[in-house]
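Peer 1: output the structure for:
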Amino acid sequence: MKSKTNIYIPLTFFLITFLNTFGQKVLDKKKIEIAMVKAMEWQEQHPIFESSPTDWTNGAYYTGVTRAHMATGNQLFLAALKNMGHNNDWQTSTRYFHADDLIISYPYLYLRNKLWKGLVDTKPTETFIQKHIFEPNKWRDGTDPDPVKKILWWWCDALFMAPPVLTVYAKQNDDIKYLDAMHTNYMQTYNLLYDKEAHLFARDTRFIRNNSDKDLKENNGEKIFWSRGNGWVIGGLALILEDMPKDYTRRAFYENLFIEMSQKIIEIQPKDGLWRTSLLSPETYNHGEVSGSGFFTFGLAWGINNGLLDKETYEPVVYKTWEAIEKCQHKNGMVGWVQNIGASPKPASYDSWQNFGTGAFLMAGSEILKIE
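Peer 2: Numbering: from 1, shown residues only. This is a model prediction of the structure:
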C-alpha cells in the first residue's frame, strides 16, 4: 500500500501541473447540465408577473431554454417550452413595429420545425413578421419625433430580438426575401451604431460621440459601450449564422463582424472572467455581470464549435468565464449578478436577477456542452 501511495501522489501532482501549465481544463458536462436544469426550474417557479408572457424578457429566457434542449435533449427543457407555447396560445405581442416582441417566436419556430409539426400555430408569428418587415411605421419612415428613433432597429439589442427569428423563418419557408429584408435592416443598424475603431456597438445614437460637450461618455473619457447590449449582438450573430445558408451572398459580412467583435471582447476581458457592464470603463461598476458575460460566452463557444474562432485561443476564455458564471448561481438555482432591465451600464448585485439573465446562463451552458 505504501508504494502505491508514493506513486499516486507524484502522478496526481504531475497531472495537475500539466493541466495548469497548458491551460487545458476538462469541465464536468454533467455538472453543467444539472446547473442548467436547476436554473430553469428556479426560473419557472419565479415568473416575472410585471411582464407579458410574450415580451422580450420571456422571449430571451425561452430562447435559452430552446438552446438548452437543442444541446441536451433533456425532456425537462422540452416540457417548459411546450407549456409556455400552450399557455401563450402561440401569440406574439402586438407592437408589430417593435423588434423586441418577435424573439418569443424563436422557441415557437423550433417547436414547429423540430418537434411539434402541426400542433404549433405559427399564424401570429407570420402576421407579426409581415407587418414588422413590410408595413410602414413611424420608425421605418423616420417620422417619429424622437431623433433617436429614425430606423426600424434603432437600438443594438434589436439585433438579437428580430434577425435570428427572420433568419430561421426564411430557412423554414425557403424564402430568401425574409433574409434579404433582415439584411437591409441589419445594415441600417450597423451603419448607424457600429464603431469601426472600437469594434463595438453603441446602444443607440445617444452614445455616439461627435465631439460635442453633450455627448454621453464615461468619467475616464471613454465611449460608453454596454456589455449586455454587445452581448445581444454577438449572441444574435451566432443565431443568425447558424440558420443562414452557407452560400448566402452576404454571409461573409456576418462572419467578419462576428470575428472582429469576438477579438475585441476577449481583448478586454477582466482577469476574473466576467465582463463589467461598461466595457471600456470597468472601474465604473467594478464587478462582474452575468447577462452580458453569458451572451458573450454563448457566442464565443458557438464560434469555436462552428470553426470561426480558433479553439486554442478562445477555449480558455470561454472556460474561465463559465467557471465565473457558475459561481454567480445560488444553491437554489437562481442566477444572480444580473443587471436589471435598462439601456446603459448599471450595477448588479449577488441577489439581482432577471429571466433574460437565466436565458443567457442557459445559452452559455448549452454551447459549452458542445465543445469537444
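
Peer 1: where do the strands of the stretch 51-200 of the chain begin and end?
Peer 2: For the stretch 51-200 of the chain, strands defined by DSSP state E, counting those that start in this stretch occupy the ranges 194-195, 200-201.

Peer 1: tell me which of the ones you listed sits most buried.
Peer 2: Stretch with highest mean neighbour count among the strands of the stretch 51-200 of the chain: strand 200-201 (a mean of 26; mean count of other C-beta atoms under 10 Å). C-beta coordinates here come from the backbone N, C-alpha and C atoms, glycine included.

Peer 1: so which elements touch that strand?
Peer 2: strand 194-195, helix 227-243 (3 or more C-beta pairs under 8 Å, 6 or more residues apart in numbering; DSSP states H and E).

Peer 1: out of the ones you listed, nearest to Ala68?
Peer 2: helix 227-243 (14.0 Å; C-beta to C-beta).

Peer 1: what's the helix or strand following that closest one in contact with?
Peer 2: Moving toward the C-terminus from helix 227-243, the next helix or strand (DSSP states H and E) is helix 251-267. Residues from elsewhere that reach helix 251-267, judged by C-beta atoms under 8 Å, 6 or more residues apart in numbering: 190, 194, 198-200, 230, 233-234, 237-238, 240-241, 244-245, 275, 296, 299-300, 303, 308-309, 313-314, 317.

Peer 1: can you say which of these are buried?
Peer 2: Neighbour-count burial (16 or more other C-beta atoms under 10 Å) applied to these gives 190, 194, 198-200, 230, 233-234, 237-238, 240-241, 244, 275, 296, 299-300, 303, 308-309, 314, 317.

Peer 1: please pull out the lowest mean pLDDT helix or strand from this structure.
Peer 2: Sorting the helices and strands of the chain by mean pLDDT, DSSP states H and E puts helix 2-22 at the bottom, at a mean of 37.

Peer 1: now the strands of the stretch 51-200 of the chain in a markdown table, with distance to Asp351 and mean pLDDT?
Peer 2: Conversion of the strands of the stretch 51-200 of the chain to a markdown table gives the following (distance: least, C-beta to C-beta, whole Å; pLDDT from 0 to 100):
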| stretch | distance to Asp351 | mean pLDDT |
| --- | --- | --- |
| strand 194-195 | 33 | 98 |
| strand 200-201 | 29 | 98 |
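
Peer 1: how about a markdown table for these, with distance to Tyr169 added?
Peer 2: Shown next, in a markdown table, are the strands of the stretch 51-200 of the chain (distance: least, C-beta to C-beta, whole Å):
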| stretch | distance to Tyr169 |
| --- | --- |
| strand 194-195 | 25 |
| strand 200-201 | 24 |
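
Peer 1: out of those, flag the one nearest Gly221.
Peer 2: Using C-beta to C-beta, the strands of the stretch 51-200 of the chain put strand 194-195 closest to Gly221, at 14.9 Å.

Peer 1: which strands border the closest one, and is each parallel or antiparallel?
Peer 2: Sheet pairing of strand 194-195 (DSSP bridges) gives strand 200-201 (antiparallel).

Peer 1: quick one: residues in contact with the partner strand.
Peer 2: 156, 159, 193-195, 225, 229-230, 233, 261, 264, 279-280.

Peer 1: let's go with 7 Å and repeat that
Peer 2: In this structure, residues lying in contact with strand 200-201 by C-beta atoms under 7 Å, 6 or more residues apart in numbering are Cys156, Leu193, Tyr194, Phe225, Gly229, Asn230, Val233, Met261, Lys264, Leu279.

Peer 1: what's the answer for stretch 307-319, then?
Peer 2: Contacts with stretch 307-319, where a contact means C-beta under 7 Å, 6+ apart, come from 23, 25, 27, 255, 258-259, 262, 266, 269, 297, 300-301, 303-304, 368, 371.

Peer 1: which pair of those spans the longest distance?
Peer 2: Among the contacts of stretch 307-319, Lys25 and Glu255 lie farthest apart (C-beta to C-beta), at 27.6 Å.

Peer 1: mind checking which of the strands of the stretch 51-200 of the chain is nearest Gly85?
Peer 2: strand 200-201 (31.0 Å).

Peer 1: how far off centre is the closest one?
Peer 2: From the chain centre to the centre of strand 200-201 is a distance of 15 Å (C-alpha atoms, centre = their mean, to the nearest Å).

Peer 1: now swap in stretch 64-80 and tell me
Peer 2: The mean C-alpha position of stretch 64-80 is separated from the chain mean by 16 Å, C-alpha atoms, centre = their mean.

Peer 1: which parts of that stretch are buried?
Peer 2: Across stretch 64-80, burial judged by 16+ other C-beta under 10 Å covers 64-72, 76-78, 80.
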